[in-house]
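Participant: have a look; sequence and predicted model below, questions after that.
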Amino acid sequence: MQEIFKSGEYYIGSPELVLDYEGLEALGSFGGICEIAGQKCASFECNSSSASDSSGFVYSIENTLLALLPAALVNEEVLKQKILTIKDNVLYNKFSGFKLARVLKFDSDFSVEFSGNALRIAELDFKI
């Protein structure tokens, strides 16, 4: 699968950490491309409780999905309920300081390629 996404800021991480129930329902539980509130999103099934990218960042996976979501979809109420915060484009647990996910800015349209357990978002290769 290959898809083109528009430039902008995107959250990459476990969707359960930032979406409310309606957002999670729209995203689904099996991975793929969808729209939430009119914005293109993607999710990818993971085989473990973490995923990493070629920059060395490690993402915590709450359930089985790694999501690519426009940052505008991050629900502040969900962050408060889960005692999380986004600082310097990284999603942290407020108490432990543990890094869970991040927000990246893409200055131009970018491609997302997914096949089997190989995922590429723009220039980042993921191990999922």
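Facilitator: Everything's here; your move. Numbers count the residues shown, from 1 in each chain.
Participant: this structure: strands as residue ranges?
Facilitator: Chain-ordered strands for the chain, with DSSP state E as the definition, fall at 2-5, 8-13, 32-36, 39-45, 50-53, 58-60, 65-70, 84-87, 90-93, 99-106, 110-115, 118-121, 124-127.
Participant: give me the contacts around the last one.
Facilitator: For strand 124-127, the surrounding residues in contact (C-beta atoms under 8 Å, 6 or more residues apart in numbering) are 44, 51-55, 66, 117-120. Any C-beta I mention is one placed from the backbone N, CA and C, and that applies to glycine too.
Participant: same question, stretch 75-82
Facilitator: Contacts to stretch 75-82, defined as C-beta under 8 Å, 6+ apart, come from residues 17-20, 23, 85-86, 91.
Participant: now the end-to-end length of stretch 88-95.
Facilitator: With C-alpha to C-alpha, to the nearest Å as the measure, the ends of stretch 88-95 fall 17 Å from one another.
Participant: list the buried residues of it.
Facilitator: Using 16 or more other C-beta atoms under 10 Å as the test for burial, stretch 88-95 gives 91-92.
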